[in-house]
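Trainee: give me the fold of what follows.
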Amino acid sequence: MKKLLVIASAFASFTLFAAADIQAPPGSTYTSTRKLGRAISNILYGFIEIPEQIVRKQEQYGRKATPYGTIDGTNRALRRFGYGFYELFTFTCPTYRGTFKPPYERCGEDNRIEMNVHDGLSEFPPELGFETYYTHSRSQQF
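Mentor: Residues are numbered from 1 along each chain as shown. Prediction:
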């Protein structure tokens, strides 16, 4: 009985030291495959920035802002196209500060990648139709 008690207490004390951080590191969601997917989506769907910005500028400034939205959308689409090819050719290399994170402008206080309608790019191109805004996984709520 004494031997069993010693073994149990030794096992309990070793489990206290074996408690490890089992969470994934912050950059683990950004991998080379995500970078490749981001590159392909920017190349194929970056042009959607043009109608998206036309609608956003009209909502913000009125119907007379259509040329402004067209020019801004074209600028953003060309930037996406350029970033897409850059990331396509370098998807195997961690290029942004040694990580696979996107090299776009950062928005907000905590450097999260969000849609900044004036000058920043989100990680993926905007969606047409029903937009989910910033979450790129589908979750169903009942």
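Trainee: now whichever helix or strand residue 35 is part of: buried residues?
Mentor: Per DSSP states H and E, residue 35 falls inside helix 32-45. Neighbour counts over helix 32-45 (16 or more other C-beta atoms under 10 Å) mark 34-35, 38-39, 41-43, 45 as buried. Bear in mind the C-beta positions are built from the backbone N, C-alpha and C, glycine included.
Trainee: just stretch 64-80 next, same as before
Mentor: Under the neighbour-count criterion of 16+ other C-beta under 10 Å, stretch 64-80 has 65, 69, 72-73, 76-77, 79-80 buried.
Trainee: can you tell me which of these are in helices?
Mentor: 69, 72-73, 76-77, 79-80 (DSSP state H).
Trainee: circling back: could the buried residues of stretch 64-80 go into JSON lines alongside distance to residue 121 and pLDDT?
Mentor: Below are the buried residues of stretch 64-80 laid out as JSON lines (distance: C-beta to C-beta, whole Å; pLDDT from 0 to 100):
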{"residue": "65", "distance to residue 121": "20", "pLDDT": "86"}
{"residue": "69", "distance to residue 121": "16", "pLDDT": "89"}
{"residue": "72", "distance to residue 121": "12", "pLDDT": "87"}
{"residue": "73", "distance to residue 121": "12", "pLDDT": "88"}
{"residue": "76", "distance to residue 121": "7", "pLDDT": "87"}
{"residue": "77", "distance to residue 121": "10", "pLDDT": "90"}
{"residue": "79", "distance to residue 121": "7", "pLDDT": "88"}
{"residue": "80", "distance to residue 121": "7", "pLDDT": "89"}
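Trainee: sorry, back to before: now the ones in helices among the buried residues of stretch 64-80 as CSV including distance to residue 10?
Mentor: Formatted as CSV, those follow (distance: C-beta to C-beta, whole Å):
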residue, distance to residue 10
69, 70
72, 67
73, 67
76, 63
77, 65
79, 61
80, 59
